[in-house]
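Chemist: sequence below, structure please.
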Amino acid sequence: MQAPPRSSSPRRSQSDLGYDIERQRPVSARMVERAARYAQGGSWLDIGFGNGSLLFTAEEWGYVPVGLDLRKDNVHALKQLGYEAHSLPVEELDGRERFTVISMADVLEHMPFPKAGLAAAHRLLRQDADMENMVWRLLHANKVNPDGSTHGPFSSI
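Modeler: Down below sits the predicted model:
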(Lines give C-alpha, C1' and ligand atoms only; values in the text may rest on other atoms or scores of the structure.)
Protein backbone atom coordinates (compact mmCIF):
# COMPACT_ATOMS: atom_id res chain seq x y z
CA MET A 1 0.00 0.00 0.00
CA GLN A 2 1.33 3.39 -0.99
CA ALA A 3 1.46 6.29 1.53
CA PRO A 4 -0.55 9.44 0.71
CA PRO A 5 1.47 12.26 -0.89
CA ARG A 6 3.06 14.71 1.52
CA SER A 7 2.05 18.31 1.49
CA SER A 8 4.79 20.87 0.89
CA SER A 9 3.32 23.17 3.54
CA PRO A 10 2.47 22.37 7.15
CA ARG A 11 -1.17 21.78 8.04
CA ARG A 12 -2.86 24.58 9.90
CA SER A 13 -6.29 25.52 11.12
CA GLN A 14 -8.81 27.57 9.20
CA SER A 15 -7.44 30.76 10.76
CA ASP A 16 -4.07 32.11 9.63
CA LEU A 17 -3.77 34.26 12.75
CA GLY A 18 -0.38 33.72 14.34
CA TYR A 19 0.88 31.39 11.61
CA ASP A 20 4.61 31.86 10.98
CA ILE A 21 4.36 35.23 12.73
CA GLU A 22 7.99 35.49 13.83
CA ARG A 23 9.26 35.01 10.28
CA GLN A 24 7.07 37.92 9.14
CA ARG A 25 8.09 40.15 12.05
CA PRO A 26 11.13 41.84 10.45
CA VAL A 27 9.01 42.96 7.47
CA SER A 28 6.23 44.18 9.78
CA ALA A 29 8.73 46.07 11.92
CA ARG A 30 10.17 47.85 8.86
CA MET A 31 6.70 48.88 7.74
CA VAL A 32 5.65 50.17 11.18
CA GLU A 33 8.94 51.99 11.64
CA ARG A 34 8.44 53.79 8.31
CA ALA A 35 4.83 54.67 9.10
CA ALA A 36 5.82 55.98 12.55
CA ARG A 37 8.02 58.62 10.88
CA TYR A 38 4.87 60.24 9.46
CA ALA A 39 2.14 59.26 11.91
CA GLN A 40 2.88 58.67 15.57
CA GLY A 41 0.19 56.79 17.48
CA GLY A 42 -3.51 56.66 16.79
CA SER A 43 -5.53 53.83 15.27
CA TRP A 44 -4.01 51.46 12.69
CA LEU A 45 -6.40 49.60 10.37
CA ASP A 46 -4.91 46.55 8.68
CA ILE A 47 -7.11 45.43 5.80
CA GLY A 48 -6.59 41.73 5.10
CA PHE A 49 -4.59 41.23 8.30
CA GLY A 50 -3.58 37.62 7.59
CA ASN A 51 -1.45 36.25 10.42
CA GLY A 52 -1.74 39.49 12.42
CA SER A 53 1.99 40.22 12.46
CA LEU A 54 1.57 43.81 11.28
CA LEU A 55 -1.22 44.54 13.80
CA PHE A 56 0.70 43.07 16.73
CA THR A 57 3.83 44.98 15.74
CA ALA A 58 1.86 48.24 15.33
CA GLU A 59 0.46 47.76 18.83
CA GLU A 60 4.00 47.39 20.22
CA TRP A 61 4.79 50.78 18.66
CA GLY A 62 1.83 52.43 20.43
CA TYR A 63 -0.91 52.20 17.80
CA VAL A 64 -4.42 50.94 18.53
CA PRO A 65 -4.78 47.98 16.15
CA VAL A 66 -7.99 47.22 14.24
CA GLY A 67 -8.26 44.26 11.87
CA LEU A 68 -10.43 43.92 8.79
CA ASP A 69 -10.56 40.60 6.97
CA LEU A 70 -13.14 38.72 4.92
CA ARG A 71 -12.14 35.42 6.58
CA LYS A 72 -14.55 35.02 9.49
CA ASP A 73 -12.27 32.53 11.28
CA ASN A 74 -9.43 35.07 11.31
CA VAL A 75 -11.71 37.80 12.64
CA HIS A 76 -13.11 35.50 15.33
CA ALA A 77 -9.59 34.49 16.42
CA LEU A 78 -8.46 38.14 16.66
CA LYS A 79 -11.56 39.07 18.67
CA GLN A 80 -10.87 36.15 21.04
CA LEU A 81 -7.54 37.84 21.83
CA GLY A 82 -9.37 41.06 22.74
CA TYR A 83 -8.74 43.05 19.56
CA GLU A 84 -11.27 44.96 17.49
CA ALA A 85 -11.85 43.11 14.23
CA HIS A 86 -14.46 43.16 11.46
CA SER A 87 -15.41 40.74 8.71
CA LEU A 88 -16.72 42.89 5.89
CA PRO A 89 -15.49 44.73 2.80
CA VAL A 90 -13.65 47.99 3.49
CA GLU A 91 -16.38 49.84 1.58
CA GLU A 92 -18.85 48.86 4.33
CA LEU A 93 -16.73 49.78 7.35
CA ASP A 94 -18.04 52.77 9.29
CA GLY A 95 -15.63 55.26 10.84
CA ARG A 96 -15.02 58.38 8.77
CA GLU A 97 -11.56 59.86 9.47
CA ARG A 98 -10.92 57.41 12.30
CA PHE A 99 -7.56 55.89 11.35
CA THR A 100 -4.08 57.38 11.40
CA VAL A 101 -2.62 54.51 9.35
CA ILE A 102 -4.29 52.05 6.97
CA SER A 103 -2.34 49.12 5.59
CA MET A 104 -3.46 46.99 2.66
CA ALA A 105 -0.63 44.53 2.03
CA ASP A 106 -1.42 42.13 -0.82
CA VAL A 107 -5.08 43.23 -0.86
CA LEU A 108 -5.74 45.51 -3.84
CA GLU A 109 -5.05 42.82 -6.42
CA HIS A 110 -7.80 40.68 -4.85
CA MET A 111 -10.45 43.41 -4.88
CA PRO A 112 -12.96 43.29 -7.73
CA PHE A 113 -13.10 47.11 -7.67
CA PRO A 114 -9.83 48.43 -6.22
CA LYS A 115 -10.72 52.07 -6.92
CA ALA A 116 -13.74 51.74 -4.61
CA GLY A 117 -11.54 50.10 -1.97
CA LEU A 118 -9.01 52.93 -2.14
CA ALA A 119 -11.78 55.53 -1.97
CA ALA A 120 -13.17 53.80 1.13
CA ALA A 121 -9.70 53.73 2.72
CA HIS A 122 -9.31 57.44 1.99
CA ARG A 123 -12.66 58.13 3.69
CA LEU A 124 -11.54 56.19 6.78
CA LEU A 125 -8.15 57.92 6.97
CA ARG A 126 -7.80 60.98 9.18
CA GLN A 127 -7.53 64.23 7.23
CA ASP A 128 -4.16 65.06 8.78
CA ALA A 129 -2.64 61.75 7.61
CA ASP A 130 -0.18 62.02 4.73
CA MET A 131 -1.65 59.17 2.67
CA GLU A 132 0.27 59.59 -0.58
CA ASN A 133 3.65 59.87 1.09
CA MET A 134 2.92 57.00 3.46
CA VAL A 135 1.67 54.59 0.76
CA TRP A 136 4.81 54.87 -1.32
CA ARG A 137 7.12 54.81 1.70
CA LEU A 138 5.47 51.61 2.95
CA LEU A 139 5.78 50.05 -0.49
CA HIS A 140 9.45 50.91 -0.45
CA ALA A 141 9.92 49.58 3.10
CA ASN A 142 8.53 46.27 1.93
CA LYS A 143 10.72 46.43 -1.20
CA VAL A 144 7.68 46.45 -3.51
CA ASN A 145 7.18 48.50 -6.65
CA PRO A 146 3.62 48.72 -7.95
CA ASP A 147 4.78 47.87 -11.46
CA GLY A 148 6.98 44.98 -10.27
CA SER A 149 10.15 46.49 -11.70
CA THR A 150 13.40 47.41 -10.03
CA HIS A 151 13.56 50.71 -11.90
CA GLY A 152 11.15 53.49 -12.77
CA PRO A 153 9.32 56.13 -10.77
CA PHE A 154 9.01 54.06 -7.58
CA SER A 155 12.50 52.57 -7.40
CA SER A 156 14.18 55.58 -5.82
CA ILE A 157 11.62 56.30 -3.12
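Chemist: hey, where'd the helices end up in the chain?
Modeler: 21-36, 53-60, 72-80, 114-124, 131-141 (DSSP state H).
Chemist: mean neighbour count, those helices: which tops it?
Modeler: helix 53-60 (a mean of 22; mean count of other CB atoms under 10 Å). Where C-beta positions appear, they are placed from N, C-alpha and C, glycine not excepted.
Chemist: report all helices and strands that it contacts.
Modeler: helix 21-36, strand 42-47, strand 63-68 (3 or more CB pairs under 8 Å, 6 or more residues apart in numbering; DSSP states H and E).
Chemist: out of these, which comes closest to H122?
Modeler: strand 42-47 (12.1 Å; CB to CB).
Chemist: quick one: contacts for the residue nearest to Y19 when sequence neighbours are not counted?
Modeler: In space, and not counting its chain neighbours, Y19 is closest to N51: 4.8 Å by CB to CB, 6 or more residues apart in numbering. N51 makes contact with 16-21, 24 under the criterion CB atoms under 8 Å, 6 or more residues apart in numbering.
Chemist: which of the residues you listed count as buried?
Modeler: In those, burial by neighbour count holds for 16-18, 21, 24, counting by 16 or more other CB atoms under 10 Å.
Chemist: which one of the residues you listed is nearest G82?
Modeler: Distances from G82 to the buried ones among the contacts of N51, taken by CB to CB, are shortest for L17, at 12.8 Å.
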